[in-house]
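**Q** I'd like to go over a predicted model; first the sequence, then the structure.
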2 protein chains.
Amino acid sequence: MNIRTIEWENNKVKLIDQTKLPQRLEYLYIDELKDLWQAIKLLKVRGAPALGAAGALGVYLGIRNSKANNFMQFSKDLERVSSYLASSRPTARNLFWAIDRMHEVVFENSDMSVPKLKELLFEEADKIIKEDMASCRKIGFYGSRVIKDKDAVLTICNAGILATIDYGTALGVIYRAKEDNKEIRVFSCETRPLLQGSRLTAWELKKVGVDVTVICDNMAATLMQKGKINVVITGADRIAANGDSANKIGTFSLAVLAKYHNIPFYVAAPVSTFDLTLKSGKEIPIEERNPREIEELLFKKRVAPIGAKVFNPAFDVTPHNLITGLITDKGIIRPQYIKNIDRVVSLSAGRQVGSR
Amino acid sequence: MNIRTIEWENNKVKLIDQTKLPQRLEYLYIDELKDLWQAIKLLKVRGAPALGAAGALGVYLGIRNSKANNFMQFSKDLERVSSYLASSRPTARNLFWAIDRMHEVVFENSDMSVPKLKELLFEEADKIIKEDMASCRKIGFYGSRVIKDKDAVLTICNAGILATIDYGTALGVIYRAKEDNKEIRVFSCETRPLLQGSRLTAWELKKVGVDVTVICDNMAATLMQKGKINVVITGADRIAANGDSANKIGTFSLAVLAKYHNIPFYVAAPVSTFDLTLKSGKEIPIEERNPREIEELLFKKRVAPIGAKVFNPAFDVTPHNLITGLITDKGIIRPQYIKNIDRVVSLSAGRQVGSR
């Protein structure tokens, strides 16, 4: 791919302003922490892995000009930068995860000089980014095996380039299938209320040259009924020890519909998405977002009457029994999930997993 | 109810401009056929029974000033008016049905004078309107029996006052349950792409004083998963001899989700909606509408990238085996559908049914 969602360039954070898509591909060049905070807050950058990168680069951006000349002072500055950064999106797990990783580097090297610590922080941010790039490609490698030539794939939200650094998880599987010379058609659920499916997924698939058709979320069932969908692949925001997977609202609905129509349903996500402290999906907290997302179309024209209530959960949980397989960077995990997830996640005992 | 979607008042067609909702309740007073044509075309009036009324009143509006002084001339004028009116929405079944009924009156009374024929046409239009009002109330009467006190009802699109004359089919059931002193909560799927659920259903439920919560279509599953929905009730645009029901896109999806969660799923519609010439839902043609409805939010802000394809079916078909019962103005029809539908529809051998 030649699109990069977020990177470090000329001493600045360079990122695609996703609120401008699909109209314009516009980059932001950010060298002030408060501007990055704004960019995260306003969803100019979004998607779990991309937010991880934003968190890591953000810590470096905020700390690089620290005037501290001892560890105590430096760690205080680090704390200030981190908690400010974390306040941009209080429910963004990967943001905190990346910030925590940056902290660990500093605390594991408390004997080093401040300039050296800054250097280590930059290296750690770079590592987080490179790990994501590699991880997406591994997900694509394993996932491509479940895609046949001429398959029509249904997806929701955006688990692609724009949610990661440059390749995607669910869409990474599609990109790899394309690289493997399979002819793939994608149906992209528009994903109300914020329309990541039409605005972002359709945009990047078109950019990469993948045949894409946008549908409203409520049209997936009729496509399945007509035999037009071969496989469903979605991303995940958090996966419990038993395989229950939280992802963008609407995912669970697709899983039920896929089961009813006997269509395989896969979840694609790096092993860092697993949270083995959660026994099942019941323990995953679900963020409820601003009703205005539904009451008004993209915060402009009002479409719901004043006074009508609105329910706006950002995610739902798909129970493991509806999931055909979990496509990870360590291979595809299939039922029995409790046993197999434990084995795969324990084997990949890296900081990435351990620190979640 | 004290809201009337469409009526004849002071020699004009008076109708609610539904494109102005939920912002403003604004009435149009139409005395020129071309303005009614525009109102239908632009969805200022919509919903099968309301379009039937518009068709009937439209024929009278167009013909009342006819200068014909013999039957031949009058029937020519009638033909001109009718085909013009029918061109406003070429797939609106109830529009044609009403126009046909108006024609029949004229042809059954070809021995009468032109002034008398005009009078008969006005009476027929009035009859069509009164029949719908009565039919909705009967649907409400039978349907209320499946609603328990404190039930939470899920619905989609608008099968309410705004789709009929003044009461509704699926929402008529809710209004009757309310009149029967049952405390009801309604969850209204916003119904992409044209948002009849948030713009219209939520508006009229609030107006009538029913507790209503708007959700995006993709949130229905999570509500069911949490045990928050007791029953699903939708309208129907056309029902085949075996009970397969065509309705607004997204209905089939709700039926599958209801089945998975063991929630009763009802379709509410007058017997005139049954089309016994169709053996099953496979024979129901599905209108595909303008991609711009999805590409752009209410024809304004573009949200899908240029060049991405769009699939925009307006309806889907719910197979009869997912339907708990069909709530009609002749009672609730339950499986076995082929036998029971035939019995109910044959018994109600009126012009309303016969002429479809």
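**A** Sure, I can see it.
**Q** So which bits of the stretch 1-150 of chain A are right by chain B?
**A** A:Leu21, A:Pro22, A:Gln23 (Cβ under 8 Å from any Cβ of the partner chain). Quick note: C-beta positions are derived from backbone N, CA and C, even for glycine.
**Q** So which of those residues wins on neighbours?
**A** A:Pro22 (24 neighbours; other Cβ atoms under 10 Å in any protein chain shown).
**Q** Not counting residues beside it along the chain, what's closest to that residue?
**A** Using Cβ to Cβ, 6 or more residues apart in numbering or on different chains and skipping the chain neighbours, the partner closest in space to A:Pro22 is B:Pro305 (3.7 Å).
**Q** sec struct for that neighbour, please.
**A** The local conformation at B:Pro305, judged by DSSP: H, G, I helix; E, B strand; the rest coil, is coil.
**Q** just A:Leu15 next, same as before
**A** With three-state DSSP as the criterion, A:Leu15 reads strand.
**Q** what residues are up against A:Gly307?
**A** B:Lys206 (Cβ atoms under 8 Å, 6 or more residues apart in numbering or on different chains).
**Q** Next, count neighbours for A:Gly160.
**A** For A:Gly160, using other Cβ under 10 Å, the count is 33.
**Q** The one 10 residues further on now?
**A** By the criterion of other Cβ under 10 Å, A:Ala170 has 30 neighbours.
**Q** A:Ala92 and A:Ala98, how far apart?
**A** 10 Å (Cβ to Cβ, to the nearest Å).
**Q** Identify the contacts common to those two.
**A** Here A:Ala92 and A:Ala98 have A:Leu51, A:Gly55 as joint contacts, going by Cβ under 8 Å, 6+ apart.
**Q** and the two? which has more neighbours close in?
**A** Between A:Ala92 and A:Ala98, counting by other Cβ under 10 Å, A:Ala98 is the more crowded of the two (29 against 21).
**Q** List the single closest residue to that one in space, sequence neighbours excluded.
**A** Once flanking residues are discounted, A:Ala98 sits nearest to A:Gly55: 3.6 Å by Cβ to Cβ, 6+ apart.
**Q** mind listing the strands for the stretch 1-150 of chain A?
**A** A:6-9, A:12-16, A:27-30 (DSSP state E, counting those that start in this stretch).
**Q** And the longest one, what does it pack against?
**A** Packing contacts for strand A:12-16, counted by 3 or more Cβ pairs under 8 Å, 6 or more residues apart in numbering or on different chains; DSSP states H and E, involve strand A:6-9, strand A:27-30, helix A:48-63.
**Q** and those as JSON lines, adding mean neighbour count?
**A** Putting those into JSON lines (neighbours: other Cβ atoms under 10 Å in any protein chain shown) gives the following:
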{"stretch": "strand A:6-9", "mean neighbour count": "19"}
{"stretch": "strand A:27-30", "mean neighbour count": "17"}
{"stretch": "helix A:48-63", "mean neighbour count": "27"}
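**Q** export these to a markdown table and tack on mean pLDDT?
**A** Listed next are the helices and strands packed on strand A:12-16 as a markdown table, based on pLDDT from 0 to 100:
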| stretch | mean pLDDT |
| --- | --- |
| strand A:6-9 | 97 |
| strand A:27-30 | 98 |
| helix A:48-63 | 96 |
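**Q** Can you check which of those gets nearest to A:His261?
**A** helix A:48-63 (28.5 Å; Cβ to Cβ).
**Q** which stretches of chain A aren't confidently modelled?
**A** Along chain A, segments meeting pLDDT under 70 span A:1, A:299, A:348-356.
**Q** out of the strands of the stretch 1-150 of chain A, which comes closest to A:Lys178?
**A** Nearest to A:Lys178 among the strands of the stretch 1-150 of chain A is strand A:12-16 (21.0 Å), distances taken as Cβ to Cβ.
**Q** so the residue nearest to A:Pro22 makes contact with A:Ala202?
**A** Yes - shown here, B:Pro305 and A:Ala202 form a contact pair, counting by Cβ atoms under 8 Å, at 5.3 Å.
**Q** More neighbours: which of those two?
**A** A:Ala202 (30 against 22).
**Q** Quick check: the more buried one touching A:Pro22?
**A** Yes - with contact defined as Cβ under 8 Å, A:Ala202 reaches A:Pro22; the gap is 7.0 Å.
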